[in-house]
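>>> Next input, structure requested:
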Amino acid sequence: MAEVNMDTRPDLPALAPTPFPTWFDWLMSGMSIVVIGGFFLDLWAHEHDRVDDSFFTPWHAVMYAGVAGFGIALVVKGWTNRRAGASWSAALPVGYRLSLLGVALFLIGGVFDLAWHMLFGIEVTVDALFSPSHLVLAGAGLMMLTGPLRRAWNVGAPTRFPHWIPWVLSLTATFTMLTAFTQYAHPATDTWPAGFTDVGYQHSDLVLISADGITQTRLALELADGAVTPAVSPDGRRIAFSAQSFDEDGVHGVLYVMNTDGSGQKVLRDEPGETIFRPAWSPDGGLILYNAQIDENFDVFVLSAEGGEPTRLTTGAGMDVTPAWAPDGESFVFTSDLGGDPDLYTMTLDDPNPLLLLAHPGGDFSPSWSPDGGKVAFSADDDIYMVGADGTGLVRLTDDPAADWEPRFSPDGSTILFATNRDDQFEIYAMATDGSNVRNVSRHPGADDGWGGIAWLPDGSGFITNVSGFVPGGADHFFREAMGGASLWIQAIILAAFVLLIAAAGGVPLGAVTTLLSLNALAMAVLFDTYWYAVAVFVAGLLAEIVIAAVRPNPARPSSVRLVAAAVPGLWYGAYLVALWVQPDGIGWTLHMALGAPFVAAGIGYLLSLLVTNRPTASGSAGVIDTEAASREPTIARR
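Predicted coordinates:
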């Protein structure tokens, strides 16, 4: 039978039936893809550190331009129909009035989002997916994207190619919006089943601690496998730190930078054969000093804070380590064994000749300048000392059998933080600059804090240090299995629901499931650079098409719908695991989980299908949702 458009209403002048989909349905389904593409472009920019703390970015401009184009198309269509005699309530085709309301709500939500950012700052990581302003935008976006889908539900969803394309594209855009807002539990985001390097209890993370020690926030590491020697930029916006990297040549140190909230992590310096550690920002924030071990030799280098090629400042055959800038930015102090013992030296960037500051028995390490430049605190013989900038007035600040390391002056010069193992584990202690009022500020039993460096925030409100002695989530087998299982459940539920939405149209058109899976997987793969995931899901889609062609699901035969609802999630996750298995790291899950996971996904789809295929009909019998509609040929348009 021919597909017809039953788009007439009492308040709309009688028009000749037109084929569904109309040119407007094709246009709006294409605009749905443009809008979701603009949204993912903005997500990609955030994920790849292409944005700053401004609301006004080119990525936002592309997204809002897509929304504006979507709205203009609706307004022009409504105005044209109005001029042709339609009432205001019938000026837009069935299903699209809510889309126009979504455009208006999106623009209002954009103003709300701008105000939210100005009041509370830019959201990062999972915060951005739960932010009220972003949820308003998401709701408005769903109202827009589902226009072609609502029209298909109202006038009849065609199942013959290519007529099904507009409403399936609308459904795909909606599906992709939901996977974007659940990306924190998605197989393309974190490959929890994959094999991994077990770093065990020596893993070191970074934690932000308030000056009183009450508030402690762990900073998520996106790229680095552990972190030490943090340094905060003078404006308080970025952190430089070093971390170990593993490759075929062994272990070497890498220099990273990221925002102080843990976002925007990127590599600043990573060269095979170099072990980089101990970064230090210049007072103007333009340069970073750091140590590097090359061929068993330790030297001091300086690098632009934006990256590039470094300059080697020390060239001696011995050990030159732990550099710290002077407050004037003209010189720095560091430890060198140039004279035989590790002593303190000073040096300027344009003079290669170091000057001895202090020769002190036992080795002098980890110097820290006072804010006024008049004093230098350092550790020696497992205690903390302080000396004048001219090398005179040496005083001992701590005298304890435990090891006291890493002294750091507070920005106001009144307090010195240091790491100590006085509690049989390393904690961060604070004291006055005369050595009095010693107290534990980190109070973190069960972990070692501060042994890898301490860095104050410029405003003195807190400090960043390293913490170790625990198993990080990424290295804990239970955590990886639990997170992987949770992401499997969440995404299998969403996927099965959308497959059932396709089936509810009167059947599953050949190609519809592959379109849904592949376009969504491509969007997620581009977002997280996991292109292998897109290939695996495309293969799963092709396998699902074979099942669909064999079963020919139809709501009139509930068992056929249940089989497809189970097969698609099961094939999706099975192909995902096979793609992980053939990669170098393989699968880290146990055999029980790896083999059982696809069956769990299939079971989820089957259980969801029972909710829609066993609903009682008007006659009281259990069957399909609408036996009368299901008995008609699927391509008949219906109201």
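
>>> Quick check: which ranges of the stretch 401-550 of the chain have low pLDDT?
Across the stretch 401-550 of the chain, the ranges flagged by pLDDT under 70 are 470-475.

>>> Try it again at 80.
445-446, 469-476, 505-506 (pLDDT under 80).

>>> now the helices for it?
Along the stretch 401-550 of the chain, counting by DSSP state H, counting those that start in this stretch, helices occupy 477-503, 512-528, 531-551.

>>> what about the ones you listed, which gets the closest to residue 263?
Closest approach to residue 263 among the helices of the stretch 401-550 of the chain is made by helix 512-528 (15.1 Å; CB to CB). Where you see a C-beta, it was placed from the backbone N, CA and C, and this is true even at glycine.

>>> between that closest one and helix 477-503, how many degrees?
Using axes from the mean of the first three to the mean of the last three CA atoms, to 10 degrees, the inter-axis angle of helix 512-528 relative to helix 477-503 is 140 degrees.

>>> Show me what helix 512-528 is packed up against.
With contacts defined as 3 or more CB pairs under 8 Å, 6 or more residues apart in numbering; DSSP states H and E, helix 512-528 has these neighbours: helix 23-47, helix 165-180, helix 477-503, helix 531-551, helix 558-581.

>>> what sits up against the fourth one?
Contacts made with helix 531-551 from outside it, assessed by CB atoms under 8 Å, 6 or more residues apart in numbering, are listed as 187-188, 508, 510-511, 513-518, 520-522, 524-525, 560, 563-564, 567-568, 571-572, 574-576, 578-579, 583.

>>> related to what we said a few turns ago, redo the helices and strands packed on helix 512-528 as a markdown table? Include distance to residue 371 and mean neighbour count.
Below are the helices and strands packed on helix 512-528 laid out as a markdown table (distance: least, CB to CB, whole Å; neighbours: other CB atoms under 10 Å):
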| stretch | distance to residue 371 | mean neighbour count |
| --- | --- | --- |
| helix 23-47 | 35 | 20 |
| helix 165-180 | 45 | 24 |
| helix 477-503 | 42 | 20 |
| helix 531-551 | 49 | 19 |
| helix 558-581 | 51 | 23 |
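
>>> For residue 458, find the nearest of the helices of the stretch 401-550 of the chain.
Residue 458 sits nearest to helix 512-528 of all the helices of the stretch 401-550 of the chain, at 33.3 Å, using CB to CB.

>>> Off-centre distance for that closest one?
Relative to the centre of its chain, helix 512-528 is centred 18 Å away, using CA atoms, centre = their mean, to the nearest Å.

>>> Using PDB, write out every CA atom in it.
Taking C-alpha atoms only, helix 512-528 is exported to PDB below (Å, rounded to 0.1, in the frame of the first residue of the first chain):
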ATOM      1  CA  ALA A 512      18.000   0.900  10.800                       C
ATOM      2  CA  VAL A 513      19.900  -0.800  13.600                       C
ATOM      3  CA  THR A 514      23.200  -0.500  11.800                       C
ATOM      4  CA  THR A 515      22.500   3.200  11.300                       C
ATOM      5  CA  LEU A 516      21.600   3.600  15.000                       C
ATOM      6  CA  LEU A 517      24.700   1.800  16.200                       C
ATOM      7  CA  SER A 518      27.300   3.000  13.800                       C
ATOM      8  CA  LEU A 519      26.500   6.700  13.800                       C
ATOM      9  CA  ASN A 520      26.400   6.700  17.600                       C
ATOM     10  CA  ALA A 521      29.700   4.700  17.900                       C
ATOM     11  CA  LEU A 522      31.400   7.000  15.500                       C
ATOM     12  CA  ALA A 523      30.400  10.000  17.500                       C
ATOM     13  CA  MET A 524      31.700   8.400  20.700                       C
ATOM     14  CA  ALA A 525      34.900   7.200  19.000                       C
ATOM     15  CA  VAL A 526      35.700  10.700  17.800                       C
ATOM     16  CA  LEU A 527      35.100  12.100  21.200                       C
ATOM     17  CA  PHE A 528      37.500   9.700  22.900                       C
END
